[in-house]
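K.L.:
sequence plus predicted model, see below.
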Amino acid sequence: MSLRTTALHSSHLQLGAKMVPFGGWDMPVSYPSGTIVEHMACRESAVMFDVSHLGTVRVEGPDAFARLQDVLTNDLAKISVGRAQYTHLLDPTDASVIDDIIVWWIGDEVFDVMPNASNTERALRYLGGHDTTSTRTVIAVQGPEARRLVSRLSTRAANVGRFRVESVDVCGAPCVVAGTGYTGEDGLEIAVPNEAAAAVWTALGDVGVLPAGLGARDTLRLEAGLPLHGHELGEGITPLQANLNWVVGWNKPNFQGREALVAERERGIARTLRGIATEGRRPAREGSVVHSTAGDGVVTSGNFSPVLGHGIALAFLPPALAVDDAVEIDVRGTAVAGRVVKLPFVRKQASGV
């Protein structure tokens, strides 16, 4: 099966990007500057990611609000038109997280539901709507300087607030801009018509935004303690186990998987997602067993932190473990010392226009 490509594919190749398969797409994992340079540019200035591989499902009509409200975990009634919300789509039987989703409420009866790359078909199955992924390009501009640099192209776009959504022209193209992202930094995600994508991408580069690939996006989200579907979320993992009970609208009369999730809340969780800092540069890796006085756990994501200069990991651990408790991780037969730490590992920098 051939890989799908985004409207920016030729732009990535011209910039010398290293391309890799990801979620059925051919995507840039890094550029010649390298992942660590890209990572630090996001923490200190601003970078741009092509995240067009993420899905967009348009749900619209007089019953759109009710459909989303009855299926997704978070309470849409807490927001309104022009806002965005993080939410979960759960398995109806065991409350596993089928997908974690951002909903952009872009019109009175119009919602853009943004599932992960490989989950668009499942979102369509449960939510209805139609797939508009192939019609737009999504560029995420992230970092403490993101808004200031975007303001050189569009002041209105730069002023879209955190978890706000607005229709704005950027470089003469009609775009939808949201104050969302996946790096732990402030920033914007810009949905651009495909025919204008290369021009907007080039204009962002011209004002000083550095292209960054999926490698930096992953180390950034890990430093920010953000879960990744297929690692900290997925089959057999509930929002409660992932420490994301705030994503659940407990006062709603219904959402898919509610009964199973309420039952787990009442009996108590058997494991919980925590952060681990390891000594030295060697990181723990996914699947590594974590030993502790409270019992064993397992690493879901691990890497070297460019900001902190040592290894960090997310892991499902026994709930009895507390911050600063010592653990030992089996990394391919070598015992690596670590300790439980409070998330996020790295907090975002100040930003502004």
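P.N.:
Good, I have the coordinates.
K.L.:
hey, let's count contacts and neighbours off CA atoms from now on
P.N.:
Noted.
K.L.:
so what are the sheet partners of the strand or helix carrying Phe316 and their directions?
P.N.:
With secondary structure defined by DSSP states H and E, Phe316 is part of strand 311-317. Strand 311-317 pairs in its sheet with strand 272-278 (antiparallel), strand 297-304 (antiparallel), by DSSP bridges.
K.L.:
how about these in CSV, adding mean neighbour count and distance to Pro32?
P.N.:
Output for the strands paired with strand 311-317, formatted as CSV (neighbours: other CA atoms under 10 Å; distance: least, CA to CA, whole Å):
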stretch, mean neighbour count, distance to Pro32
strand 272-278, 26, 29
strand 297-304, 23, 20
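K.L.:
most distant residue from the middle of this structure?
P.N.:
Thr293 (32.4 Å; CA atoms, centre = their mean).
K.L.:
distance check, that residue against Ala199.
P.N.:
56 Å (CA to CA, to the nearest Å).
K.L.:
go on, Ser292?
P.N.:
Distance, Ser292 to Ala199, by CA to CA: 53 Å.
K.L.:
in JSON lines: the strands paired with strand 311-317, plus distance to Asp70 and mean pLDDT.
P.N.:
As requested, the strands paired with strand 311-317 are exported to JSON lines (distance: least, CA to CA, whole Å; pLDDT from 0 to 100):
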{"stretch": "strand 272-278", "distance to Asp70": "27", "mean pLDDT": "98"}
{"stretch": "strand 297-304", "distance to Asp70": "30", "mean pLDDT": "98"}
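K.L.:
of those, which is nearest Val207?
P.N.:
Nearest to Val207, of all the strands paired with strand 311-317, is strand 297-304, at 30.0 Å by CA to CA.
K.L.:
please list the outside residues in contact with the closest one.
P.N.:
219, 222, 231-232, 281-291, 310-318 (CA atoms under 8 Å, 6 or more residues apart in numbering).
K.L.:
by residue count, what's the longest strand in the protein?
P.N.:
Across the chain, the longest stretch assigned as strand under DSSP state E is strand 97-107.
K.L.:
for that strand, packing partners?
P.N.:
strand 84-90, strand 110-114, strand 165-170 (3 or more CA pairs under 8 Å, 6 or more residues apart in numbering; DSSP states H and E).
K.L.:
direction included, what does that strand pair up with?
P.N.:
strand 84-90 (antiparallel), strand 110-114 (antiparallel).
K.L.:
of all those, which one is nearest Ser151?
P.N.:
strand 84-90 (21.1 Å).
K.L.:
what does the closest one rub up against?
P.N.:
Strand 84-90 is contacted from outside by 71-74, 76, 79, 96-105, 123, 163-165, 178, 180, 238-239, 247-248, 256-257, using CA under 8 Å, 6+ apart.
K.L.:
quick one: low-confidence residue ranges for the stretch 251-353 of the chain.
P.N.:
349-353 (pLDDT under 70).
K.L.:
where along it do the helices fall?
P.N.:
In the stretch 251-353 of the chain, helices defined by DSSP state H, counting those that start in this stretch lie at 258-267, listed in chain order.
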